[in-house]
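K.L.:
Only the shape, not the letters, is given here:
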């Protein structure tokens, strides 16, 4: 299977953050700025994060090698590792309330 190619125009327009979100620049900033309000020009000066539905399209079709790799979300817990000294085995002892409920009577 041949290699996938990244779209050259997308490489220039979008940047991927460390968490895998897509940054984009604002539109309507190239010409005729005297007809636009100060507020619009000020807000259009910065970049923003793309919506998730749009970023999926960009990352899957145009920037395939910029996608984040899926990692295992579970972190290492030494209390759950039997080979570790800090391991705590689950206790099999039942509480007094469980024993009374099992017998069916309470005082």
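P.N.:
Nice, I can see it. Quick caveat: nothing in here was measured; it's all calculated off a predicted structure.
K.L.:
Report whether residue 15 is found in a strand, as I expect.
P.N.:
Yes: applying DSSP: H, G, I helix; E, B strand; the rest coil, one finds residue 15 inside a strand.
K.L.:
From the centroid of the protein, which residue is nearest?
P.N.:
Centroid-nearest residue in the chain: residue 19, 5.6 Å away (criterion: CA atoms, centre = their mean).
K.L.:
My guess is that residue contacts residue 68. True?
P.N.:
Yes: the criterion here is CB atoms under 8 Å, and residue 19 meets it with residue 68 at 7.4 Å. C-beta: built from backbone N, CA, C; applies to glycine.
K.L.:
now the helices for the chain?
P.N.:
Remark: helices assigned in the chain by DSSP state H are 8-13, 38-44, 52-57, 96-103.
K.L.:
and of these, who's closest to residue 84?
P.N.:
Across the helices of the chain, the minimum distance to residue 84, taken as CB to CB, is reached by helix 96-103, at 29.1 Å.
K.L.:
so who does residue 63 touch?
P.N.:
Contact partners of residue 63, counting by CB atoms under 8 Å, 6 or more residues apart in numbering, are 6-7, 10-11, 14, 16.
K.L.:
Actually, residue 4.
P.N.:
64-65.
K.L.:
low-scoring stretches of the protein, by residue?
P.N.:
Judged by pLDDT under 70, the chain has its weakly predicted residues at 70-73, 90, 92-102, 104-107.
K.L.:
circling back: would you mind putting the helices of the chain into a markdown table with mean neighbour count alongside?
P.N.:
A markdown table is the format used below for the helices of the chain (neighbours: other CB atoms under 10 Å):
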| stretch | mean neighbour count |
| --- | --- |
| helix 8-13 | 12 |
| helix 38-44 | 11 |
| helix 52-57 | 12 |
| helix 96-103 | 10 |
